[in-house]
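A.B. asks: What would the 3D arrangement of this be:
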Amino acid sequence: MDLLQAVVQDVPEAPLMSVRDAIRWSEFRLCQDGNAWIVDAPVTSEGAIMAPVDTTCVRALAVYRNGRAMMPGADYGQPAPDVVTIHRQRNADTYTARIAVKPTSDNALPAELRDQYFETLRHGATHRLLLLPQPWRNVEQAAYHETHFTAGINDAYRLSVYGQQQGARVQPRRFI
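C.D. replies: Model prediction:
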């Protein structure tokens, strides 16, 4: 099922233009707050992060010098979302960054990310639509969808910070 159709089933009175705007808003929030879209990008010698076309850099998650991770604060700083200031820079080094990006205002998420976060995006768009001052307004249902949307954003953020490991096992301590 298409995301647009799923949201229309949740809020059938809403016009399609409003539904599309709500979906775009939920994609933006998922990327902005949840680091859902992560890419590797080169860093210029001036410190500018070269985000892919049709995306905007949200933040640098890690910066690498010749493939080795640098320490934030000690080796580099980030004064703006798309700029890093590298301390003790050498001309022979190559710099890359792992960055979280979001789509520009006239673009959408890639299909694989839309599929991965389908339910989160659905809850976010439905939450947004149900809070509009329109005849279909329903604050109680909006709160329900907001809870699931926030949980989805938190899951995306957790996966971006701690990696894609699921079901990791921990060895219990031995009782002596």
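A.B. asks: Leaving out the residues flanking it, which one is nearest to S18?
C.D. replies: Excluding its sequence neighbours, the residue lying closest to S18 (C-beta to C-beta, 6 or more residues apart in numbering) is L129, at 6.4 Å. For every residue, glycine as well, the C-beta is placed using N, CA and C.
A.B. asks: in which helix or strand would I find the one you found?
C.D. replies: In the assignment (DSSP states H and E), L129 maps to helix 118-130.
A.B. asks: list the helices and strands that helix packs on?
C.D. replies: Other helices and strands packing on helix 118-130, by 3 or more C-beta pairs under 8 Å, 6 or more residues apart in numbering; DSSP states H and E, are helix 3-10, helix 16-34, helix 139-162.
A.B. asks: so what's the most centrally placed residue in the chain up against?
C.D. replies: Closest residue to the average C-alpha location of the chain: C31 at 2.1 Å, with C-alpha atoms, centre = their mean. Shown in contact with C31 (C-beta atoms under 8 Å, 6 or more residues apart in numbering): 37, 58, 100-103, 109.
A.B. asks: Contacts made by stretch 45-63 with the rest, please.
C.D. replies: Residues outside stretch 45-63 that contact it (C-beta under 8 Å, 6+ apart): 31-32, 35, 37-39, 41-44, 69-70, 72, 75-76, 78, 81-86, 89, 91, 95-104, 107, 160.
A.B. asks: just the CA coordinates of that stretch, formatted as CSV?
C.D. replies: This file holds the C-alpha atoms of stretch 45-63, laid out as CSV (Å, rounded to 0.1, in the frame of the first residue of the first chain):
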residue,chain,number,x,y,z
SER,A,45,40.0,21.5,2.4
GLU,A,46,38.0,24.6,3.6
GLY,A,47,35.9,22.3,5.8
ALA,A,48,32.7,22.3,3.7
ILE,A,49,30.7,19.0,3.7
MET,A,50,29.6,18.1,0.2
ALA,A,51,26.2,16.6,0.8
PRO,A,52,24.6,14.6,-2.1
VAL,A,53,22.4,16.5,-4.6
ASP,A,54,18.8,17.2,-3.5
THR,A,55,19.7,16.8,0.2
THR,A,56,20.6,19.1,3.0
CYS,A,57,23.2,18.3,5.7
VAL,A,58,21.7,18.0,9.2
ARG,A,59,24.8,17.1,11.2
ALA,A,60,28.1,15.3,11.0
LEU,A,61,28.0,12.0,12.9
ALA,A,62,31.7,11.3,12.4
VAL,A,63,34.6,12.8,10.5
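A.B. asks: Can I get the contacts of C31 in TSV including pLDDT?
C.D. replies: Formatted as TSV, the contacts of C31 follow (pLDDT from 0 to 100):
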residue	pLDDT
W37	91
V58	92
A100	92
V101	93
K102	92
P103	91
L109	89
